[in-house]
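**Student:** predicted structure and sequence below. I'll ask about it afterward.
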Amino acid sequence: MSNLDPRPEEIGCEAGGAPGGPEPGGAVVEIITARDVPLGGPRAMTVRRTLPQRQRSLIGAWCFVDHYGPDDVSATGGMDVPSHPHTGLQTVSWLFEGAVTHHDSGDNHAVVRPGEVNLMTSGAGICHTEVSTQDTTILHGVQLWTVLPEGHRESAGRRFDHHVPDPVVLEGGSALVFMGSLLGSSSSIPTFSPLLGAEIRLDPGALVCLDVDPDFEHGLLVDAGDVTLEGVTVEPAQLGYTGVGESRLTIRNTGPTPARMILIGGTPFDEEIVMWWNFIGRTHDEIARYRQEWEAGADRFGRVDGYIGHDPDGLTRLPAPTLPTTTLKPRSNPHPRARTD
């Protein structure tokens, strides 16, 4: 998905901190509240964005978390994102309901469906389109990005990967592990740094204790239900963050209805990055060059075939926003320990 902010904020982060041990009595939980971002147009579909924020820019290599729906597409217009570029990242698409067509300049064409992860690697540059299908009535899901490390961001190439995880049955719930490993289940999706991504569902009153990697920091995005993480309430659309050093996380559904959430995690990302619009680079000059090349139709991004938007008179290619007049600089990411003040 594109970042359609007309004035995108520059987002940078420096290396995290040194890992530390767990807090006495269990994990400390930091609450990250979403901000609403319209995806453009008079019938704009609105997403709830928890990463990046000034509070925290990264969880592991996860750098972008958009949560949307359930949206009645007859009212919102659904998803219709014309050709737009990416550099230095992987997009991770995960749906709860509805379907989205995907076309990219690596000549990959797919339909994103609920319970099936679709990952696009940009490498040095790619462009793609995303459109909710004509038979979609309700659209509901998450769009995530991960940063490519320095050693792979130019060499990873354009690729598209798809995986259908087998459900893991829990006492009082279930899980779908779409990135990394959890609960004895592993995803075949390739990553370039240690990562975890999973959908977790809990029945009313159910509790699950997850054994997790203590080298990872984690974020729990609640989609629905009355959820507590380590006894701390995480409201729907909020992200509960726990830092490194935790080997077990306890999640409970305290309410009368089923709960659903997305758990992400990874080792703290130890490189400085600059993130602006749909580009991730390392310096202002890189970002400016990517923008100039996109506007010039350079070979770096290629071209997309197969895009059919909802509006026959609409744009087929998104123009880049104007760069800010100030120099884009990396922003310091807090140490990988949860803060409650």
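**Tutor:** Received the coordinates, thanks.
**Student:** am I right that Arg74 sits in a strand?
**Tutor:** One thing to correct before we go on: residue 74 is Ser, not Arg. No: when DSSP: H, G, I helix; E, B strand; the rest coil is applied, Ser74 is found to be helix, with no strand at that position.
**Student:** ok, and the closest non-adjacent residue to it?
**Tutor:** Setting aside the residues directly before and after it, Ser74 is nearest to Thr137 in space (Cβ to Cβ, 6 or more residues apart in numbering), at 7.2 Å. The C-beta positions use only the backbone N, C-alpha and C, and glycine is treated the same way.
**Student:** which residues touch the one you found?
**Tutor:** Residues touching Thr137, when contacts are defined by Cβ atoms under 8 Å, 6 or more residues apart in numbering, comprise Asp72, Val73, Ser74, Gly98.
**Student:** can you rerun that using 10 Å?
**Tutor:** Residues in contact with Thr137 (Cβ atoms under 10 Å, 6 or more residues apart in numbering) are Pro70, Asp71, Asp72, Val73, Ser74, Gly78, Glu97, Gly98.
**Student:** give me the pLDDT for the fourth one.
**Tutor:** In the prediction, the pLDDT value recorded for Val73 is 92.
**Student:** can you check the last one too?
**Tutor:** Per-residue pLDDT puts Gly98 at 98.
**Student:** quick one: it and Gly225, what's the gap?
**Tutor:** When distances are taken as Cβ to Cβ, to the nearest Å, Gly98 and Gly225 turn out to be 20 Å apart.
**Student:** next one: the fourth one
**Tutor:** The spacing between Val73 and Gly225, counted by Cβ to Cβ, is 24 Å.
**Student:** next one: the third one
**Tutor:** According to Cβ to Cβ, Asp72 and Gly225 sit 21 Å apart.
**Student:** also the fifth one?
**Tutor:** According to Cβ to Cβ, Ser74 stands 26 Å off from Gly225.
**Student:** just Asp203 next, same as before
**Tutor:** According to Cβ to Cβ, Asp203 stands 10 Å off from Gly225.
**Student:** Thr46 now?
**Tutor:** Separation of Thr46 from Gly225 (Cβ to Cβ): 21 Å.
**Student:** so for those two, which sits in the more crowded spot?
**Tutor:** Neighbour totals were compared for Thr46 and Gly225, and Gly225 leads with 23 against 13 (other Cβ atoms under 10 Å).
**Student:** surely that one touches Ala237?
**Tutor:** No: with contact defined as Cβ atoms under 10 Å, Gly225 does not reach Ala237; the gap is 11.8 Å.
**Student:** so Tyr290, which state does it fall into?
**Tutor:** Assigned with three-state DSSP, Tyr290 falls in the helix class.
**Student:** from Gln90, how far off is the spatially closest residue to it that is not a sequence neighbour?
**Tutor:** Using Cβ to Cβ, 6+ apart and skipping residues adjacent in sequence, the residue nearest Tyr290 is Phe279, 4.6 Å away. Spatial separation of Phe279 from Gln90 under the definition Cβ to Cβ is 14 Å.
**Student:** so what's in contact with these two at the same time?
**Tutor:** Between them, Phe279 and Gln90 share the contacting residues Ser122, judged by Cβ under 10 Å, 6+ apart.
**Student:** next, Glu286: secondary structure please.
**Tutor:** Following three-state DSSP, we place Glu286 in the helix state.
**Student:** contact partners for it?
**Tutor:** Residues Thr87, Gly88, Val274, Trp276, Phe279, Ile280, Leu328 are the ones in contact with Glu286 under the rule Cβ under 10 Å, 6+ apart.
**Student:** do the same with Tyr68
**Tutor:** Tyr68 makes contacts with 1, 37, 39, 45-49, 76, 79, 95-96, 98, 139-143, 237, as judged by Cβ under 10 Å, 6+ apart.
**Student:** return a ChimeraX selection command for the buried portion of these.
**Tutor:** Buried members of the contacts of Tyr68 can be picked out in ChimeraX with the line below, counting by 16 or more other Cβ atoms under 10 Å:
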select :1,37,39,45,47,48,49,76,79,95,96,98,139,140,141,142,143,237
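**Student:** the contacts of Tyr68 in strands, which ones?
**Tutor:** Val37, Thr46, Val47, Arg48, Arg49, Leu95, Phe96, Leu139, His140, Gly141, Val142, Gln143 (DSSP state E).
**Student:** the second one and Pro204, how far apart?
**Tutor:** With the distance defined as Cβ to Cβ, Thr46 ends up 29 Å from Pro204.
**Student:** could you give the bridge partners of Leu182?
**Tutor:** For Leu182, the beta-bridge partners under DSSP bridges are Ser185.
**Student:** extract the C-alpha set from stretch 210-224 and format it as PDB.
**Tutor:** Taking only C-alpha atoms (Å, rounded to 0.1, in the frame of the first residue of the first chain), the coordinates of stretch 210-224 have been written out as PDB:
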ATOM      1  CA  LEU A 210       3.400 -17.500  24.400                       C
ATOM      2  CA  ASP A 211       7.000 -18.500  24.500                       C
ATOM      3  CA  VAL A 212       8.800 -15.900  22.500                       C
ATOM      4  CA  ASP A 213      12.400 -15.100  21.600                       C
ATOM      5  CA  PRO A 214      14.000 -12.800  24.300                       C
ATOM      6  CA  ASP A 215      16.200 -11.200  21.700                       C
ATOM      7  CA  PHE A 216      13.000  -9.800  20.000                       C
ATOM      8  CA  GLU A 217      11.000  -6.700  20.800                       C
ATOM      9  CA  HIS A 218       7.300  -7.300  20.200                       C
ATOM     10  CA  GLY A 219       4.100  -5.400  19.300                       C
ATOM     11  CA  LEU A 220       0.500  -6.600  19.700                       C
ATOM     12  CA  LEU A 221      -2.000  -4.800  17.500                       C
ATOM     13  CA  VAL A 222      -5.600  -5.500  18.600                       C
ATOM     14  CA  ASP A 223      -8.200  -5.700  15.900                       C
ATOM     15  CA  ALA A 224     -11.200  -6.700  18.000                       C
END
